[in-house]
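Engineer: Sequence plus the predicted model coming up.
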Amino acid sequence: MIKNKFAKNISENSVIVDTRTPINKSKIGEWVRYYYKNEGISIDNKVLRYFIDNYSDDIATIINEIEKHFLFNNVKHIDFNLTENNTYYSKHIKIWNLLDSLGRKDIDKSITYYNNLYVNGTSLVFLLINLNNFYFELYVAICKLKINYSSLNKILQSNINLYKRNYNSDELARIFLELRNLDIKIKTSSFNELILFSSKIIKICNGYYDKK
């Protein structure tokens, strides 16, 4: 119970807003739209998805990009043409974005995100470590085993049941073997990493390792 009259008046005329960083893309979109609602600014759906895909949960950067377009064009509706090149080279794409798209077996986003990471200097050796961790935890979830610690971020952890629907334990066992062979190959030869791993992405997303 609030006894102070001034504080009580503020409480009665205030609206509670959850400003914690959302953990999924739909919540981020809702938060950004809410932020601009009072300003009368609307954002095209595909443009908002583009910002969220490129800047993940970095809401401050998303808002900054939207405001730049608003100030430059002086319009209340944010919309602009998108091309493939727009998405390939954003430094805000992280390895977890690729893991999420692979978990969903979204081939287009997986290729786009990997191209982005490759152009920005992400080592395939380091990426393979993250992939092994990701698929190991997915294997644990599918086999209903338990682990004491998760190396995955909250977004990946929250989507693990979604990923489970796209894989099975035998398929993951074959993927583990393929990742091990790939690790040996890139450490002992001079293959082009972009071409080499892009072919693996296509096989994973198309269910190639589930067909043997």
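Structural biologist: Ah, there it is.

Engineer: Please, which helix or strand holds the closest residue to Lys25 other than its chain neighbours?
Structural biologist: Leaving aside its sequence neighbours, Lys25 sits nearest to Ile52 (CB to CB, 6 or more residues apart in numbering; 5.1 Å). C-beta here means a position set from N, CA and C on the backbone, and glycine is covered the same way. For Ile52, the host element (DSSP states H and E) is helix 45-55.

Engineer: Give the buried residues for stretch 202-211.
Structural biologist: 204-205, 208-209 (16 or more other CB atoms under 10 Å).

Engineer: ok, which pair from these is furthest apart?
Structural biologist: Within the buried residues of stretch 202-211, Cys205 and Tyr209 form the most distant pair, 10.5 Å apart (CB to CB).

Engineer: thinking again about what came up before, show me what the helix holding Ile52 is packed up against.
Structural biologist: Judged by 3 or more CB pairs under 8 Å, 6 or more residues apart in numbering; DSSP states H and E, helix 45-55 is in contact with helix 25-37, helix 59-73, helix 84-88.

Engineer: Now tabulate the ones you listed in JSON lines and tack on mean neighbour count, distance to Leu172 and mean pLDDT.
Structural biologist: Listed next are the helices and strands packed on helix 45-55 as JSON lines, based on neighbours: other CB atoms under 10 Å; distance: least, CB to CB, whole Å; pLDDT from 0 to 100:
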{"stretch": "helix 25-37", "mean neighbour count": "15", "distance to Leu172": "25", "mean pLDDT": "82"}
{"stretch": "helix 59-73", "mean neighbour count": "15", "distance to Leu172": "34", "mean pLDDT": "77"}
{"stretch": "helix 84-88", "mean neighbour count": "13", "distance to Leu172": "28", "mean pLDDT": "47"}
